[in-house]
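what would the 3D arrangement of this be:
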Amino acid sequence: MYNYINGSYSNNTITCPNGWYYDPKPIRSSVVTEWDLVCSKDMLPETSLTVFNVGVMLGAILFGFLSDKFGRKRCFVCALFLQSIVGSLTATAQNFYVFMILRFIVGALEQGVNITGYIMSIELFPPKQRTIFGVGHEFLWAIGGAMIPFFAYFLRDWRHLQLCVSLPGALGIFLWWLIPESTVWLLAQGRVAEAEDNLAAIARFNKATLPPNCLSDHEKKADVITAKTPVHTYTFIDLFRTPSLCKITLCICTLWALNTLVYYGLTYNTPNLDGDMYVNFFIGQMVEIPSVAATMYLIYRIGRRLPLCFFHVFCGLVCIACPFIPAQTASGFDLTWVAVTLAMLGKFSINASFTIIYIYGPEIYPTVLRNTGAGLASFSGRFGGIIYPYISYLKKVNLGTHGDKLPLIIFGSFSIIGGLLALPLPETRHNPLPESIDDVEHYAEFCKEARRQSAMSGGVAAAGSSENSTEMQPLRNGNAKEVIL
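As a prediction, the model looks like this:
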């Protein structure tokens, strides 16, 4: 309740003496209605989103380091199981501050699942298949997001919904016996024998034959490193050691921040569109499926850099245009559908750019810094995650006639800036993954040499079986058909 006194130009907020009444039809129980996060507390829902993203930020740094040091599989499985446990405990929170603490922990663990799992997926596949499987997980993200409004519609209680999305993750403990450690990571650590055991197990599963001495070059390299070179522990400082790596890191990290800000800003704005909030959120998530399909085609045919630039700029333009669409024409014709269509096109585009940046960053970084670089990029993305709730909150603030237009204009402007930052990055389409910092610094020469080595070996050995790469080609069976690892 607000008490406005015109003579003194004061605008004081006072507590509603009789409490609050909430419409039970759309939602039976939410965090807002249970703890009365309205009036003087109406910024606390945005604050809880910020706290979650701070957890994600710290988790990106922590798990980026841990998975590079202790392995992808160990961090992924542990984080998935713990996230399920802590997420389930969140449903039992008795006050808002305990809720925020648990959400902070869930956010940190989410990065152990998200970043580490994704790095594993791209390290298991050779360059051509890496695009398909790297983008494939985005389909699952979109499908999972589209299921949320169905659960929310039928459950109508935030505690039940929290349990519904948290408990299935506990089954991830069984992945310990189902998925292998990243072969690329094992080779980068000089653990050639374990890497060969991995490949042998995969070959048996695929009924393929493992070529003899397929890792001999890596074994020789590991012996030389072990005998002559002290073990170097790579840190975030190494991401800025050389000019090329520094440029890449600055561009990727800024892109992640802008992409995260715009993506989640548009996602959480979707239920505010005219119409049923459950339907709007469902449409907003479903539009990501054709977005991923279009992205997969474009990055396979064209590459990463130019589509990333295009989608960012296009998203920015439609976001800026959207708030200026009138509700109806002078003759009374309804134009709401135009604004909704533009909003969906913006969501389509920013999701496409998010799909690309997920693949792009890890492909550019060397194996010794891949998860560390991905962790720093995700860490940077959380700056966008921390800021976007407060940009969206501007709609609640009385900023004049056009104040409600500011969030979309801000999101659109940042998206266009992101498109320009994609241009200095190198193209990685169909190129092997770099192993060392020197490979990144001399990326064109590295790719040329790796392709030459692959051609000389007939494609049976690793694409980077030279001293410059650990990228593995698929095993082949007796009929010379590729078997995807």
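
okay but residue 117 is in contact with residue 78, surely?
No: contact between residue 117 and residue 78 fails when scored by Cβ atoms under 8 Å: they sit 11.9 Å apart. Bear in mind the C-beta positions are built from the backbone N, C-alpha and C, glycine included.

residue ranges with poor pLDDT in the stretch 151-300 of the chain?
212-233, 271-275 (pLDDT under 70).

can you give me the helices in it?
158-166, 183-188, 192-205, 216-228, 243-269, 277-286, 288-301 (DSSP state H, counting those that start in this stretch).

in the third one, what's buried?
So that's helix 192-205. Neighbour-count burial for helix 192-205, counted by 16 or more other Cβ atoms under 10 Å, picks out 192, 195-196, 198-199, 202-203.

the residues you listed into TSV, with extra columns for distance to residue 316?
Listed next are the buried residues of helix 192-205 as TSV, based on distance: Cβ to Cβ, whole Å:
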residue	distance to residue 316
192	47
195	44
196	49
198	44
199	45
202	43
203	48
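
and those residues, which is closest to residue 371?
Closest approach to residue 371 among the buried residues of helix 192-205 (Cβ to Cβ): residue 195, at 16.9 Å.

quick check: closest non-adjacent residue to residue 326.
Residue nearest to residue 326 in three dimensions, not counting chain neighbours: residue 335, with 5.8 Å by Cβ to Cβ, 6 or more residues apart in numbering.

I figured that neighbour hits residue 329, correct?
Yes: with contacts counted by Cβ under 8 Å, residue 335 reaches residue 329, the gap being 6.4 Å.

which of these two has more neighbours?
More crowded of residue 335 and residue 329, by other Cβ atoms under 10 Å: residue 335, with 12 against 9.

for the more buried one, give me phi and psi.
Here is the backbone geometry of residue 335 (degrees, to the nearest 10): phi -110, psi 10.

how near is it to residue 86?
Distance from residue 335 to residue 86, counting by Cβ to Cβ, to the nearest Å: 45 Å.

quick one: secondary structure of the residue positioned nearest the centre of the chain?
Nearest to the mean C-alpha position of the chain, by Cα atoms, centre = their mean, lies residue 358 at 5.9 Å. Going by DSSP: H, G, I helix; E, B strand; the rest coil, the secondary structure assigned to residue 358 is helix.

against residue 377, how distant is the closest residue to it other than its chain neighbours?
Closest residue to residue 358 apart from its sequence neighbours, by Cβ to Cβ, 6+ apart: residue 118 at 6.4 Å. Separation of residue 118 from residue 377 (Cβ to Cβ) stands at 11 Å.

my read is that the residue nearest to the centre of the chain contacts residue 141, right?
No: the criterion here is Cβ under 8 Å, and residue 358 misses it with residue 141 at 9.6 Å.

helices along the stretch 301-450 of the chain, start to end?
305-321, 336-364, 370-393, 406-421, 437-441, 443-456.

could you chop the chain up by domain?
1-42, 43-182+234-421 (automatic domain parsing).

could you tell me the least trusted of the ones you listed?
Note on the domains of the chain: domain 1-42 shows the lowest mean pLDDT, a mean of 60.

and residue 366, what is it in contact with?
433-437, 439-440 (Cβ atoms under 8 Å, 6 or more residues apart in numbering).

nearest spatial neighbour of it, chain-adjacent residues omitted?
residue 434 (4.5 Å).

the one you found reaches residue 443, doesn't it?
Yes: assessed by Cβ under 8 Å, residue 434 is found in contact with residue 443 at 6.8 Å.

looking at those two, which is more packed in?
Comparing residue 434 with residue 443 by other Cβ under 10 Å, the one with more neighbours is residue 434, at 29 against 18.

residues contacting residue 116?
63, 67, 72, 75-76, 79, 371.

what's the most distant pair in those?
Applying Cβ to Cβ across these, the maximum distance is between 79 and 371, 12.6 Å.

between the two, what contacts are shared?
63, 116.

quick check: closest non-adjacent residue to residue 310.
Distances taken as Cβ to Cβ, 6+ apart place residue 419 nearest to residue 310, at 7.2 Å, with adjacent residues excluded.

look up how far residue 323 lies from the closest residue to residue 261 other than its chain neighbours.
Here the nearest residue to residue 261 in space, its sequence neighbours aside, is residue 384; by Cβ to Cβ, 6+ apart that works out to 3.1 Å. From residue 384 across to residue 323, the span is 20 Å (Cβ to Cβ).

and for residue 297?
Separation of residue 297 from residue 323 (Cβ to Cβ): 31 Å.

between the two, who's got more neighbours?
residue 323 (17 against 13).

hang on, that one packs against residue 410?
No: Residue 323 is beyond contact range of residue 410, at 10.7 Å (criterion: Cβ under 8 Å).

quick revisit: what does the model give the residue nearest to residue 366 for pLDDT?
Residue 434 is given a pLDDT of 83.

next one: the one 4 residues further on
Note on residue 438: pLDDT of 82.

count the residues that sit near it.
Residue 438: 14 neighbours (other Cβ under 10 Å).

now the helices for the stretch 1-150 of the chain?
Using DSSP H, counting those that start in this stretch, helices in the stretch 1-150 of the chain cover 31-34, 44-70, 72-90, 96-123, 127-155.
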